[in-house]
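# whatever this is, show me its structure:
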Amino acid sequence: MSSMESYEICARRAVNNIIPGFVQLIEILSSKSFVHLVKCNEIRDVLSKIYSTEVVDIIVRVLVRRIEEVCGKDC
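This next block holds a predicted model:
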């Protein structure tokens, strides 16, 4: 398994543990992989279609912190 595949599994688990179904919702809305959106910092664009800027900021902070806690900061 490549490091990208293991990161993707880790990131999905980390996020789905706090918001079940969130990854799938974002992937459906964007037609892109969740990990691609996070790594390329495109997740804000997708979330801003649904939420206000303030809410997007909070969601992104929580997601990044959770992924770093579970997967490590170097991912």
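# against Asn41, how distant is Gln24?
Going from Gln24 to Asn41 by CB to CB, to the nearest Å gives 20 Å. Any C-beta I mention is one placed from the backbone N, CA and C, and that applies to glycine too.
# scratch that, Glu69
19 Å.
# do the same with Ile19
Ile19 sits 19 Å away from Asn41, going by CB to CB.
# so for those two, which sits in the more crowded spot?
Just comparing Ile19 and Asn41: by other CB atoms under 10 Å the higher neighbour count belongs to Ile19, 14 against 9.
# got the phi and psi for that one?
Dihedral angles phi and psi of Ile19 (degrees, to the nearest 10) take the values phi -140, psi 90.
# which helix in the protein runs the most residues?
helix 53-71 (DSSP state H).
# pull out the buried residues from that helix.
56, 59, 63, 66-67, 71 (16 or more other CB atoms under 10 Å).
# all strands of this protein, in order?
For the chain, no strands are identified by DSSP state E.
# where does the prediction get shaky in it?
Within the chain, the segments meeting pLDDT under 70 span 1-4, 73-75.
# burial check on Leu29, number of neighbours?
13.
# my bad, should have said Val38
By other CB under 10 Å, the residues close to Val38 number 21.
# any idea how far Ser31 is from it?
Val38 sits 15 Å away from Ser31, going by CB to CB.
# same question for Ile58.
Separation of Ile58 from Ser31 (CB to CB): 25 Å.
# now the phi/psi pair for Pro20, please.
phi -60, psi 130.
# for it, the count of nearby residues, please.
Around Pro20 sit 9 other residues, with neighbours defined as other CB under 10 Å.
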